[in-house]
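Trainee: model the structure of this input:
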Amino acid sequence: MDAQELAGELQAIRDVFAYNTFVRKRYLVFIGKLSKKSLTKDRGASYPSILDIFVHILDNYKSWFYTYQTGRQDLPEIKGLSLGEAKKLEGEVDKFIYNFMRSLKPQFIDKKFSFTVSSGPEEGQFITWNLKGMLWHMVEEELQHRGEINALLWQEDIDPPVTSWWRWERATENKRK
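Mentor: Down below sits the predicted model:
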């Protein structure tokens, strides 16, 4: 990729991360209004409850950025948090993402890093990846689990706070004015 393509790719990544942060905040407010029973009910999904899935999204960010920075996958999984603890973690993750994206330069997105996979089907394999692939994977993870939260809410006839890209753009434009 040439410099212009890298700059365009980085801007796309920044936009998607900003959008996901905006939407994640809306989801946190929304799920914070659910009854404790609805929020913590074990539904047999990828993680037991809506709150657990939300915490897993945040854990993915912490884990992947840690792996990128250290080359290790040895952080313990974050689970079993209360809603208050999840709110605190969300604030920490958002602040980290904001600072990381602000400092990221186009030439860094192709930067390679290596690690040994700590779990799953590839456990024990030594992997070399680039930052761009990791960042797009994190987008994929969040969208997958947000969709899962939506499906669980729909099972209870609750409309999730789906936020379109267009609404995010309008909210972002309004903040700049």
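Trainee: show me what the strand or helix carrying H145 is packed up against.
Mentor: Using DSSP states H and E, H145 maps to helix 131-155. In terms of contacts (3 or more C-beta pairs under 8 Å, 6 or more residues apart in numbering; DSSP states H and E), helix 131-155 is packed against helix 3-31, helix 50-70. All C-beta spots, glycine's among them, are computed from the backbone N, C-alpha and C.
Trainee: what inclination does the next helix or strand after it have with respect to helix 3-31?
Mentor: Note on helix 131-155: by DSSP H and E, the next helix or strand toward the C-terminus is helix 165-176. For helix 165-176 against helix 3-31, the angle by axes from the mean of the first three to the mean of the last three C-alpha atoms, to 10 degrees is 90 degrees.
Trainee: in helix 165-176, what counts as buried?
Mentor: Residues W168 are the ones in helix 165-176 that count as buried (16 or more other C-beta atoms under 10 Å).
Trainee: residue contacts, the closest residue to K105 other than its chain neighbours?
Mentor: Spatial nearest neighbour of K105, excluding adjacent residues (C-beta to C-beta, 6 or more residues apart in numbering): L10 at 7.7 Å. Contacts for L10 (C-beta atoms under 8 Å, 6 or more residues apart in numbering) come out as 104-106, 109.
Trainee: now the buried members of those residues.
Mentor: Neighbour-count burial (16+ other C-beta under 10 Å) applied to these gives 104, 106, 109.
Trainee: look up the closest residue to the first one, ignoring the ones flanking it.
Mentor: Counting by C-beta to C-beta, 6+ apart, L104 lies nearest to L10, which is 6.4 Å off, once chain neighbours are set aside.
Trainee: where's that neighbour relative to F17, distance?
Mentor: 11 Å (C-beta to C-beta, to the nearest Å).
Trainee: for W136, find the nearest of the helices and strands packed on helix 131-155.
Mentor: helix 3-31 (7.3 Å; C-beta to C-beta).
Trainee: flag every buried residue along the closest one.
Mentor: 6, 9-10, 13, 16-17, 19-28, 30-31.
Trainee: any weak-confidence spans in the chain?
Mentor: Across the chain, the ranges flagged by pLDDT under 70 are 176-177.
Trainee: repeat that with 90
Mentor: Residues of the chain meeting the criterion pLDDT under 90: 1-3, 118-120, 162-164, 167, 170-177.
Trainee: next, format the helices and strands packed on helix 131-155 as TSV and append distance to L89.
Mentor: Formatted as TSV, those follow (distance: least, C-beta to C-beta, whole Å):
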stretch	distance to L89
helix 3-31	10
helix 50-70	5
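Trainee: which one, of those helices, ends up nearest to N174?
Mentor: Comparing these under C-beta to C-beta, the one sitting nearest is helix 3-31, at 12.0 Å.
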